[in-house]
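*Asks:* kindly return the folded structure for what I paste below:
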Amino acid sequence: MGNLLNSRFEQSCKQLLLCALPLGVAIFSGCSPGPVKRVPHQGDSILTKPSIQSTQPEQTPGLYQSVPPALSLEQINHRLQSIDSLIQAGESEAAKNTADTLDPFYLAPQQRDQLNLLFVQIMLSSGDAEQAIDKLALIQPQQLNLDNKIKYFQSQAFAFSLTGNLLDSAKARIELNSLLTSVEQRQKNQAAILETLGLLSDSSLQEKQLLSIPTLDGWISLARILKLKGQPDFNTQLLQWRAAYPGHPANSAFLENLLEKPGSIPFNSIAIFLPESGPFTQAGKAVRAGFMAAYNYTAGRSPKPVLRFYNSEHALPALFNQAVSEGAQLIIGPLSKESIQGLADSVIFTIPVLALNHIPDLQKDNLYQFALSPIDDVEEVTHRAWADGYQKALLLIPDTAQGKRIADYFTESWQRTDGTIMEIQAYNPKKNDFSSPIKKLLNLDESENRYNKMLELVPSLKFTPRRRQDADVILLSAYSTEARSINPQLQYYQAGKLPVYALPNIYTGQPNPSLDSDLDKITFCDMPWLLDKAYLGNLSMEALRDIWQQFPNAYLRLIAMGIDAYNLATQLSDLNINSYPGATGNLSLTDDNRIKRKLICATFTAGLPEVTGVINNPVESPDDTDSSAINNEISPDKKPKPPEMMINNVAD
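*Replies:* Next up, the predicted model:
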């Protein structure tokens, strides 16, 4: 019996010892300095954990176990590059096998992100988007280099697209857009953004637009407009979008590809009547430079029209007949009012004529008139001021014949908006001191007169003249040189709180912040071509720098006019239905065949014009036949006018 008890006791002790052994090992292991990395099978590679079928016993972590050697930085980078090369070669299985040999535990954070990104690409190649998204969540893109950042957002966009998360896919591509340096890549990515958003319903887009994320909001708004493609006002809505989002990434030449364009030039032969001698030779050269830039840009398209240039200083009736006999199907020009009137009085327009000026009351079949008209300039400025909430205006204009006509245009246009012209003052543009007309405009002269009379009675009286309080806006016609003196003097004479709206001649067409800082806070409306990111076409000022640098600034607007003159050849047939976003403005056709321009408005800030948008005119302008006092700045006068005056309005 005793032996039996002893045997059972020994067995019980052994069982207790065996049960306690794991606990003891655990306690002992807990005393070690920290977790010990497992041992790789080879000293020059990092392998995955050994399989459970391995015949090698797994070593128990111990207090004195040494840390195994690791791959060098160069070896790891080489391994990562090998995986990337396999992925690019389409060998996904080999890429995965190689990637599996790297243990993230041994990698630096940036290397771990790169490895995860490689796994993402491998997963996406096999269509495993869900796991790819999980893997993407482990990556910190800010730690990636530029190439890998691009791959990260490309992968993210693709993964979200595969899982049906279109909004997040578009967001990823929006992030990607800022990283791409190639114009072609950006345009493809931008097209993908719009295509992705276009798959969402309009109601869903409207809901997402409430997220109030400016860049995303612009993309969503543009995607909604694209759903209207084919409708008559599609181009107009694109133009309005451009004005609403002036700094948006899509607001570039990319938008030109979205515009609906008519087919090729409908004319096989075009005759151009421009002055090649006389006082307006340089003006003719500027128009021709813009015209040829547009022609050369589209010359590769079929059919290619034949161009013939004629000197409009010669007898125009003979030139017209010669051009027709030589096969002309369209005539563009002439440039001066005298030439247009003389041609209209002498011939029957058997083919379309696009005159580069405008004469009120002149209407003939096949005659179209395209001009940089001050009527358009005045309308845009007054409607901008009206849209901004102003009603009582003070008008400051030069004391010239042109200034008086401008005053008439302002008065008519402002009254059509139910506004009131409180007072008109003219200044001498040849002077630098404009204090006298400014004081009269602000009624400071009357205040000073009252003060002087009171001073005779009370010599000790101290008094500061006060400007009138019944006006809320100033409308200004001035060139940049004059305006740089006028604006500071307005500030000096207490008119700082009165906003100033000016005609386009206030801007030279070239940014000059050091000088134009004196124009700060002045709002003006001008052609898109002169304003940064306001023109959609590929023939921007930057693109044509080599051309316009050959001309004084005063001729810049004529170069833009030449661009539009050529492009209008494709537009005349339906311009009364669909407007055309040209270099000189958004162009449309009136009932009397005058091509009207809608301008872009900007405000000087730190000496630079910042685009503020386009204006939807609240009142339809009357027929130009009501403005019989219009006089041409390219006139039959023997003495040519200075370029700056002449170019202000080719059609005035």
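*Asks:* show me the shaky parts of the stretch 551-652 of the chain.
*Replies:* Applying pLDDT under 70 to the stretch 551-652 of the chain flags residues 613-652.
*Asks:* mind jotting down where the helices sit in it?
*Replies:* 556-567, 643-648 (DSSP state H, counting those that start in this stretch).
*Asks:* how about the stretch 201-350 of the chain?
*Replies:* 202-208, 214-226, 234-244, 281-298, 316-325, 337-346.
*Asks:* mean pLDDT, distance to Gln391 and mean neighbour count added to those, as a markdown table?
*Replies:* Backbone N, C-alpha and C define where each C-beta goes, glycine included. Output for these, formatted as a markdown table (pLDDT from 0 to 100; distance: least, C-beta to C-beta, whole Å; neighbours: other C-beta atoms under 10 Å):
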| stretch | mean pLDDT | distance to Gln391 | mean neighbour count |
| --- | --- | --- | --- |
| helix 202-208 | 76 | 35 | 14 |
| helix 214-226 | 86 | 31 | 19 |
| helix 234-244 | 79 | 24 | 19 |
| helix 281-298 | 93 | 38 | 21 |
| helix 316-325 | 95 | 47 | 17 |
| helix 337-346 | 94 | 35 | 19 |
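*Asks:* so which of the ones you listed is nearest Ser92?
*Replies:* helix 214-226 (32.5 Å; C-beta to C-beta).
*Asks:* now what about that closest one, what contacts it?
*Replies:* 170-171, 174, 193-194, 197-198, 200, 202, 205-206, 208-209, 211, 234, 237-238, 241, 244-245, 248-251, 258 (C-beta atoms under 8 Å, 6 or more residues apart in numbering).
*Asks:* for Asp433, see how far away the spatially closest residue to Ala129 that is not a sequence neighbour is.
*Replies:* What sits nearest to Ala129 in space, not counting adjacent residues and going by C-beta to C-beta, 6 or more residues apart in numbering, is Leu162, at 3.7 Å. Distance of Leu162 to Asp433, computed by C-beta to C-beta, to the nearest Å: 71 Å.
*Asks:* who has more neighbours out of these two?
*Replies:* Leu162 (16 against 11; other C-beta atoms under 10 Å).
*Asks:* who touches the more buried one in this structure?
*Replies:* Taking C-beta under 8 Å, 6+ apart as the test, what Leu162 contacts is 124, 127, 129.
*Asks:* from what I can see Trp386 touches Thr420, true?
*Replies:* No: the pair Trp386 / Thr420 is not scored as a contact, 11.6 Å apart, by C-beta atoms under 8 Å.
*Asks:* joint contacts of these two?
*Replies:* Common neighbours of Trp386 and Thr420 (C-beta under 8 Å, 6+ apart) are Trp414.
*Asks:* neighbour-wise, which of these two wins?
*Replies:* Trp386 (23 against 12).
*Asks:* tell me which element that one is part of?
*Replies:* According to DSSP states H and E, Trp386 maps onto helix 374-387.
*Asks:* what packs against that helix?
*Replies:* helix 401-416, strand 473-476, strand 500-502, strand 523-526, strand 594-598, strand 600-605 (3 or more C-beta pairs under 8 Å, 6 or more residues apart in numbering; DSSP states H and E).
*Asks:* out of these, flag the one nearest Thr612.
*Replies:* strand 600-605 (5.1 Å).
*Asks:* and the closest one, which strands flank it?
*Replies:* Strand pairing for strand 600-605, determined by DSSP bridges: strand 523-526 (antiparallel), strand 608-614 (antiparallel).
*Asks:* which residues sit against the first one?
*Replies:* Here strand 523-526 makes contact (C-beta under 8 Å, 6+ apart) with 377, 380-381, 384-385, 499-504, 506-507, 599-604, 609, 612, 615.
*Asks:* in PyMOL, select just the buried ones from these.
*Replies:* Here is the PyMOL command that selects the buried residues among the contacts of strand 523-526 (16 or more other C-beta atoms under 10 Å):
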select buried, resi 377+380+381+384+385+499+500+501+502+503+504+506+507+599+600+601+602+603+604+609+612+615
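*Asks:* can you select the buried ones among the contacts of Leu162 for me in ChimeraX?
*Replies:* To isolate the buried ones among those in ChimeraX, judged by 16+ other C-beta under 10 Å, type:
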select :124,129
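*Asks:* quick one: contacts for Pro488?
*Replies:* Asp518.
*Asks:* now do Gly90
*Replies:* Ser125.
*Asks:* check the secondary structure at it for me.
*Replies:* With DSSP: H, G, I helix; E, B strand; the rest coil as the basis, the three-state label of Gly90 is coil.
*Asks:* distance check, it against Ile122.
*Replies:* For Gly90 relative to Ile122 (C-beta to C-beta), the value is 11 Å.
*Asks:* tell me who's in contact with the residue lying closest to Ala385 once chain neighbours are set aside.
*Replies:* Distance criterion C-beta to C-beta, 6+ apart; nearest residue to Ala385, sequence neighbours excluded, is Tyr501 at 4.5 Å. Counting by C-beta under 8 Å, 6+ apart, Tyr501 touches 381-382, 384-385, 473-476, 522-524.
*Asks:* and Ala606, how many neighbours?
*Replies:* 9.
*Asks:* list the contacts of the one helix or strand Ser82 maps to.
*Replies:* Following DSSP H and E, one finds Ser82 within helix 73-88. Outside helix 73-88, the residues within contact range by C-beta under 8 Å, 6+ apart are 44, 71, 92, 94-95, 98-99, 101-102, 107-108, 111, 114-115, 118, 121-122, 125.
*Asks:* buried members of those residues into PyMOL, please.
*Replies:* Applying 16+ other C-beta under 10 Å to the contacts of helix 73-88, the buried members can be selected in PyMOL as follows:
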select buried, resi 71+92+95+98+99+102+107+111+114+115+118+121+122+125
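*Asks:* tell me the secondary structure for the nearest residue to Ser480 once chain neighbours are set aside?
*Replies:* With sequence-adjacent residues excluded and distances taken as C-beta to C-beta, 6+ apart, Ser480 is closest to Thr508, at 5.1 Å. Assigned with three-state DSSP, Thr508 falls in the coil class.
*Asks:* Thr508 and Glu542, how far apart?
*Replies:* Distance from Thr508 to Glu542, by C-beta to C-beta: 17 Å.
*Asks:* between the two, which is the more surrounded one?
*Replies:* Thr508 (18 against 8).
*Asks:* and the pLDDT at the more buried one?
*Replies:* Listed pLDDT for Thr508 reads 96.
*Asks:* buried residues, whichever strand or helix holds Glu184. List them.
*Replies:* Glu184 belongs to helix 183-198 when elements are defined using DSSP H and E. For helix 183-198, a neighbour-count test (16+ other C-beta under 10 Å) marks 186-187, 189-190, 192-194, 196-198 as buried.
*Asks:* contact partners for the nearest residue to Leu476 once chain neighbours are set aside?
*Replies:* Nearest residue to Leu476, sequence neighbours excluded (C-beta to C-beta, 6+ apart): Ala502, at 4.3 Å. If a contact means C-beta under 8 Å, 6+ apart, then Ala502 has 381, 475-478, 483, 522-524 as its contacts.
*Asks:* please repeat the previous calculation with a cut-off of 10 Å.
*Replies:* Residues in contact with Ala502 (C-beta atoms under 10 Å, 6 or more residues apart in numbering) are 377, 381, 396, 474-480, 483, 486-487, 519, 522-526, 604.
*Asks:* tell me the bridge partners for it.
*Replies:* Bridge pairing for Ala502 - DSSP bridges - gives Leu476, Phe524.
*Asks:* how far away is it from Cys525?
*Replies:* Ala502 is 9 Å from Cys525, by C-beta to C-beta.
*Asks:* try Asn268
*Replies:* From Asn268 across to Cys525, the span is 37 Å (C-beta to C-beta).
*Asks:* so for these two, which sits in the more crowded spot?
*Replies:* Counted by other C-beta under 10 Å, Asn268 and Cys525 do not tie: Cys525 has more neighbours, with 31 against 13.
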